[in-house]
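> got a structure for you, letters missing:
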């Protein structure tokens, strides 16, 4: 009798659970500075970014203003939806800094002498992106390697 009750309980408890989605490898993509969108029913695994571009807008703390300002630099980064992810800045490409995150507005040449370099961040990758997410690199001389997976049940 105990066995029957345990069996019935097990079937009722575990028989109605749903399986997790299964990922099936589809293809390798190269993403450039042209906006691409993760298709419906797919996920992307961004594995890395390669190359360097100039005029990448990045944030830094400016001691002269006591606030975050933005500057143009030489490096790599991605734009995921509307979020800029700077992975590396090796040098600045100008002497101006700006109040806006797209490096527009009233630029000033009152440059903070402690120029911040951004070292490559190994924690950025891999980056998983769901369907509907947009992605592009921040410059024409950089590209990102992406693995595309089909999502099935």
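That came through fine. Predicted model, so just to flag it, every value in this text is computed and none were measured.

> need the contact list for the residue nearest to residue 36 when sequence neighbours are not counted.
Closest residue to residue 36 apart from its sequence neighbours, by Cβ to Cβ, 6 or more residues apart in numbering: residue 135 at 5.6 Å. Heads up, the C-betas are built off the backbone N, CA and C, glycines and all. Residue 135 makes contact with 31, 35-38, 44, 46, 78-80, 129, 144, 146 under the criterion Cβ atoms under 8 Å, 6 or more residues apart in numbering.

> pull out the buried positions in the helix or strand that residue 135 is a member of.
Assignment of secondary structure by DSSP states H and E places residue 135 within strand 134-137. Within strand 134-137, the residues that count as buried by 16 or more other Cβ atoms under 10 Å are 135-137.

> adding distance to residue 63 and pLDDT, write those out as TSV.
Converted to TSV, these look like this (distance: Cβ to Cβ, whole Å; pLDDT from 0 to 100):
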residue	distance to residue 63	pLDDT
135	34	97
136	32	96
137	31	94
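
> show me which of the contacts of residue 135 is closest to residue 123.
Using Cβ to Cβ, residue 46 comes nearest to residue 123 of the contacts of residue 135, at 12.9 Å.

> nearest residue to the closest one in space, please, no chain neighbours.
Spatial nearest neighbour of residue 46, excluding adjacent residues (Cβ to Cβ, 6+ apart): residue 127 at 4.2 Å.

> residue 120 too?
Among residues not flanking residue 120 along the chain, residue 88 sits closest, at 4.5 Å (Cβ to Cβ, 6+ apart).

> so what's that neighbour up against?
So residue 88 contacts 52, 75-77, 118-121 (Cβ under 8 Å, 6+ apart).

> same check, this time on residue 106
Residue 106 is in contact with 98-99, counting by Cβ under 8 Å, 6+ apart.

> which element follows the strand ranked longest in the chain toward the C-terminus?
In the chain, taking DSSP state E as the definition, the longest strand is strand 83-98. Next in sequence after strand 83-98, counting helices and strands by DSSP H and E, comes strand 127-129.

> what lies in contact with that following strand?
Taking Cβ under 8 Å, 6+ apart as the rule, strand 127-129 contacts 38, 43-46, 78, 80, 135.
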